[in-house]
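Chemist: Predicted model follows, preceded by the sequence.
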Amino acid sequence: MDTATRLPPPPLADSRLSKQRFRWWPWLLPTLAVVLAVGMAWIANIEPLGPGSATFGPSGIRFSSPSPPSRIAARSVDALGASGTVLRIPVTPGMRFTYQVTIRNDGIVPVEIIDVRSGSEPGQVTRHIVAAEPDTPGGALENAEPFRPFTLSPGHEAGLVIEVRVADDACVTELGAEFSWWFEPVSFRVFGFPLFARTQDVETRTQIELVGHGPGC
């Protein structure tokens with residue numbers, strides 16, 4: 001006659017260890033919430049982009065109109081800790097031209113460059129990106145391609161080709177009128193997530209000045 005063998009009961013868990021683990025749970029969620037809030041605040045205020053190593057003079061300007069192109073006056077600036085190039089361009093209604101700048105990712109995470117675009121400046125002057133060289137070693141942009149979003153890794157530079165359009169009916173010819181900018185509004189995403197998209201005004205060490213030269217509108 002077979003005799004049933006009774007298995008020994010499983011060892012009881014250490015009640016003290018269970019209580020210690022339980023004590024951690026009330027702290028876990030608040031800690032995660034704080035970490036998440038700090039991370040979101042960091043992403044919301046991150047400004048990783050800065051000027052690249054190369055600046056371009058008049059040779060970086062390409063006019064599509066008017067013809068003949070306007071004469072550009074250029075000067076270098078190196079004072080009060082700032083250096084760069086100032087380009088003064090006589091402006092006319094309907095003017096179209098492109099210029100080149102470089103930017104650098106000085107941050108610690110890759111960012112996806114998704115757009116460079118300004119709103120309408122006074123006098124109906126707009127600018128937007130038309131081409132880019134995502135990983136330029138510096139110097140002239142020899143391999144710029146039509147713009148599409150690209151990733152800029154930490155420590156790397158990119159060349160941008162920006163188009164300026166002056167409206168055909170823009171009131172910009174008044175003598176002494178001047179419209180200038182020295183930064184580009186670069187839109188980017190952190191980690192590639194749309195939720196982490198923001199725009200940074202990036203100084204480029206190139207100041208564009210559109211100068212009126214006519215009797216008025």
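Modeler: Okay, I see it.
Chemist: Show me the domain layout of the protein.
Modeler: Annotated domains of the chain cover 14-45, 49-211 [automatic domain parsing].
Chemist: Let me know which of those is tucked in deepest.
Modeler: Comparing the domains of the chain by mean neighbour count (mean count of other Cβ atoms under 10 Å), domain 49-211 comes out on top with a mean of 17. The C-beta positions use only the backbone N, C-alpha and C, and glycine is treated the same way.
Chemist: end to end, how far does it reach?
Modeler: End-to-end span of domain 49-211 (Cα to Cα, to the nearest Å): 29 Å.
Chemist: tell me the average confidence for that domain?
Modeler: Domain 49-211 carries an average pLDDT of 86.
Chemist: In the sheet, which residues pair with the residue lying closest to R71 once chain neighbours are set aside? Tell me.
Modeler: Spatial nearest neighbour of R71, chain neighbours left out: P90 (6.8 Å); criterion: Cβ to Cβ, 6 or more residues apart in numbering. Note on P90: beta-bridge partners V211, judged by DSSP bridges.
Chemist: Quick check: the gap between P90 and P66.
Modeler: P90 sits 10 Å away from P66, going by Cβ to Cβ, to the nearest Å.
Chemist: go on, S187?
Modeler: Taken as Cβ to Cβ, the span from S187 to P66 is 31 Å.
Chemist: Might one say that S83 is in contact with R205?
Modeler: Yes - counting by Cβ atoms under 8 Å, R205 is a contact partner of S83 at 6.6 Å.
Chemist: Next, the contact list for I108, please.
Modeler: Going by Cβ atoms under 8 Å, 6 or more residues apart in numbering, I108 touches P48, P154.
Chemist: secondary structure class for it?
Modeler: Of the three states, I108 takes coil under DSSP: H, G, I helix; E, B strand; the rest coil.
Chemist: Correct me if wrong: T136 contacts E157.
Modeler: Yes - contact criterion Cβ under 8 Å: T136 and E157 qualify, at 5.5 Å.
Chemist: And C171, which helix or strand is it part of?
Modeler: Using DSSP states H and E, C171 is not contained in any helix or strand.
Chemist: Please enumerate the helices of this protein.
Modeler: For the chain, the helices defined by DSSP state H cover 15-45.
Chemist: Between T136 and E157, which contacts overlap?
Modeler: Residues touching both T136 and E157 by Cβ under 8 Å, 6+ apart: G52, A54, T102.
Chemist: which residues touch the first one?
Modeler: So the one you mean is G52. With Cβ under 8 Å, 6+ apart, G52 has these contacts: V101, T102, I103, R104, T136, G138, E157, A158, G159, T204.
Chemist: residues contacting the residue nearest to R71?
Modeler: S70, R71, L210, V211, G212, H213.
Chemist: Nearest to D78 among those?
Modeler: Checking the contacts of P90 against D78 by Cβ to Cβ gives V211 as the nearest, at 22.1 Å.
Chemist: I'd like the distance between that closest one and F179.
Modeler: Separation of V211 from F179 (Cβ to Cβ): 8 Å.
Chemist: shared neighbours of the two, anything?
Modeler: Joint contacts of V211 and F179 (Cβ under 8 Å, 6+ apart) are V91.
Chemist: At which residues are the strands of this protein located?
Modeler: 49-51, 62-65, 73-79, 82-90, 96-105, 111-116, 125-133, 145-146, 150-152, 157-166, 178-190, 197-211 (DSSP state E).
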